[in-house]
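1. just a sequence and a predicted model for now, questions to come.
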Amino acid sequence: MKNVDAALHVRGESQFIDDIAVPEGTLYAAVLSSPIAHGNIIKLNLAPAKNQKGVYGIFTAADIPGNNQIGNIIQDEPLLATKEVHYIGQPIAIVVGESIELARLATEKIEIEFEELPTIFDAREAYAQGQLIVPPDTYSLGNIEETWQQCDVIVEGEADSGGQEHLYLETQGAFAYLTESGRLKVVSSTQSPTNVQRVIARILNWSMHQIEVDVLRLGGGFGGKEEQATPWATMAALAAFKLKKPVKLVLCRDEDMQMTGKRHPYSSDFKIGLTNDGQILAYEVTFYQNAGAASDLSPAVLDRTLFHSTNSYFVPNVKATGISCRTNLPPNTAMRGFGGPQGMFVIEAAIFKAAQEMGIEPSVIQRKNLLQEGHSLIYGMKIQNDHAIRCWEVADKKYEIEKMHKAVQNFNLTHQSKKKGLALMPICFGISFTSTFLNQASALVHVYTDGSVSVSTAAVEMGQGVNMKMRQVAAQIFSIPLAKIKIESTNTTRVANSSPTAASCSADLNGKATQLACVNILERLKKIAAQQLNTKQPDDIEIKNEIVYLRDKPTELMWDKLIFAAYFNRINLSAQVHYATPNIYFDEKKKKGKPFAYHVFGTAIVEATVDCLRGTYQIDTVKVVHDFAKSLNPLIDRGQVEGAIVQGLGWMTIEELMYADDGHLTSDTLSTYKVPDIHFAPQDIQVHFLENSDNPPGIFNSKAIGEPPFLYGIGAYFAILQAMKAFRSDLQIKIFAPLTPEKVLLSLYTL
């Protein structure tokens, strides 16, 4: 069950946008972007650049034949700025030349002047000035106001979490050219081929059928190519349309980091009320989301934050308010977890602070309040097939939590300058797009006359192994070797009106569609096999390992012969199937419903060691019990968990976005933006697959894997805090992630 794509990657044979052999005469595009965070454009002189030798064209908003708008949820984002700019890096003009070096040089020749305007970079300041993306939204459960008086302990505080750069290995890029019929084909590094197709049609004032978008694979995405791949593909398409020549646009690393949005930073206020024995009775939280200069996916991200504001705990009385604030940063966007991590971090901070107040371990409160079967969540959905407590108990039994606590205590007693901390992180993450209409997918399956199979879906391969899983689905239904199955590129002409590859549900959605398409073909094959074997009961037919069985006995009829017999008898060997997740809904007015097909549960134990003289730390161990249900591919799934954990650790600890006072991103290179490497990664990551777990809504009873394990990284923040408290018991630290070594050192020695 090894991922076949791995061999291509290792040999360097996998093709990405910048590897594609382009036709002779291909031109290259560079983007002139705003050097200021907010201002009016008072002069734009293109002539010096146009006069450069080798420059074929320069395009501004005035050259757009359709609607200069790329916004999705809210149409508040122009492709190219007109009179006003709202963030550093906002595209203003596209310069096309015979080489990328020449095009970039020409952008520097453009004369541009601005009248600078006031800027806002802080979400709370934006809220105070009424700069909102959408009106504030509130979800509630129970009666919080009447509950506070019943609480023995009430704790209030503030918790902030920073943004995070996606840092996909392949930067944003696209290649566009006109076909012989005058239509456009665009090869894009996008998680959302249909959105790219739709926006290009809007910009060019064309119909969608005139545009074909193709995606072979991505060199990583993590949500950063769900919406934000669209403008670059659209710019390449606009230039190709105008010049009637192939155009390629690929950002270099610093351009990508400066011009694209990140994970949303949040600043949040919380209030939590408990009984003396640690039962949470009430929780109130307000999230101030830094959306950046345009909406992008911010309202949907904020919804997910509100949905997951109580993480894996049952809180009978909750009030959660989300405020999406408009600032002068690049529009922030989807990133692994899609707002869920930001919400979960705050309730973990509230529990940590409450535990300090009560003089107990946070794990006491965590364990006492874990979700159980039948508990209602803030959005009205009741927990089913609950494994929150099971994951915790299995982790306790397998890893001996109390023994680990004692080992940490003994270490701290015998070490003066180094201290250890231990934290637990239970998770509960809903699987489905929170916008119900997106929970649909299609698959197109062909069986060729030699018995080989072609599968087309809307799933985009970006390193998560979804192509391998689609091959497994087809191989299992047909009972044929994986070598006989090919996964086609993701293409809007083969699979139309597709949802993004996001929300951890692409294997479920596209896998279910593939399964149904294969079953349709299989039923036809059983009928022709019954004729070949002189039986009137197709149900007596089964295919096992390419052999046709009749009433559980092998026959001489093989897969290849059966396929040719079907073709000879004019049986359709292709199927196109649409699948929509059943029984999900959400009432936007009541803020109640069943938005998720199911939930993923798990528990992580994180241990960290802090050098309290230098402020440095090491994440020693991350031990996880995770609910995979019936894993479709344990090797891929284990890799996804390990990668997600390390990425989550990075968000909580060392990945810090740094901005100058004028809004300029100063951490815009791999030398100034620190990400986890092999030296930072935990010395020991253990992942245990929860036994005896089933999940009928998932493909072959599996559970989604992409986003939930990211949340385990939150445990590292509180493990480090525990170590710091062991060194200095009177420590008072502001809850703000990432908790970099610099912040650790300053916190330990600041009175």
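-> Yep, it's here.
2. is Thr321 bridged to anything, and to what?
-> Per DSSP bridges, the residues bridged to Thr321 are Thr138, Thr286.
3. what about it, neighbour count?
-> Neighbours of Thr321 under the rule other C-beta atoms under 10 Å: 18. C-beta: built from backbone N, CA, C; applies to glycine.
4. shouldn't it be in contact with Tyr288?
-> No - using C-beta atoms under 8 Å, Thr321 is not in contact with Tyr288, being 9.5 Å away.
5. next, show the common contact partners of the two.
-> Here Thr321 and Tyr288 share no contacting residue, scored by C-beta atoms under 8 Å, 6 or more residues apart in numbering.
6. mind listing what Gln172 touches?
-> Residues near Gln172 by C-beta under 8 Å, 6+ apart: Ser189, Lys225, Gln228, Ala229, Trp232, Val250, Leu251, Asp256, Thr260.
7. okay, and the fifth one sits in which element?
-> Meaning Trp232. Per DSSP states H and E: Trp232 is located in helix 230-243.
8. and the average pLDDT for that helix is what?
-> Mean pLDDT, computed over helix 230-243, is 98.
9. tell me the contacts of the closest residue to Asn369 other than its chain neighbours?
-> Of all residues not flanking Asn369 in the chain, Tyr313 sits nearest, at 4.2 Å (C-beta to C-beta, 6 or more residues apart in numbering). By C-beta under 8 Å, 6+ apart, the contact set of Tyr313 is Ile280, Ile347, Gln366, Asn369, Leu370, Leu371, Pro426.
10. and which of those residues is nearest His578?
-> Proximity of the contacts of Tyr313 to His578, judged by C-beta to C-beta, is greatest for Leu371, which lies at 33.4 Å.
11. gap between the nearest residue to that closest one once chain neighbours are set aside and Gly602?
-> Spatially, and ignoring its direct neighbours in sequence, Leu371 is nearest to Ala388 (4.5 Å; C-beta to C-beta, 6+ apart). Ala388 sits 9 Å away from Gly602 when distances are taken as C-beta to C-beta, to the nearest Å.
12. find the residues that touch each one of these two.
-> Taking C-beta under 8 Å, 6+ apart as the contact rule, Ala388 and Gly602 both touch Pro426.
13. secondary structure class for Phe175?
-> strand (DSSP: H, G, I helix; E, B strand; the rest coil).
14. separation between it and Tyr673?
-> To Tyr673, Phe175 is 27 Å away according to C-beta to C-beta.
15. the more surrounded of the two?
-> Phe175 (25 against 20).
16. residue contacts, the more buried one?
-> Shown in contact with Phe175 (C-beta under 8 Å, 6+ apart): Ile17, Ile20, Val22, Thr26, Val186, Val187, Ser188, Ala236, Pro246, Val247, Lys248, Leu249.
17. assign the nearest residue to Asp684 once chain neighbours are set aside to helix, strand or coil.
-> Leaving aside its sequence neighbours, Asp684 sits nearest to Thr621 (C-beta to C-beta, 6+ apart; 4.3 Å). Three-state call for Thr621 (three-state DSSP): strand.
18. so what's Thr621 up against?
-> By C-beta under 8 Å, 6+ apart, the neighbours of Thr621 are Ile605, Val606, Glu607, Pro682, Gln683, Asp684, Ile685, Gln686.
19. out of those residues, flag the one nearest to Ser667.
-> Pro682 (23.6 Å).
20. just the ones of the contacts of Tyr313 in helices?
-> Secondary structure of the contacts of Tyr313 is defined by DSSP state H; positions in helices are Ile347, Gln366.
21. of the contacts of Tyr313, grab the buried ones for ChimeraX.
-> Restricted to buried positions by 16 or more other C-beta atoms under 10 Å, the ChimeraX selection for these reads:
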select :280,347,366,369,370,371,426
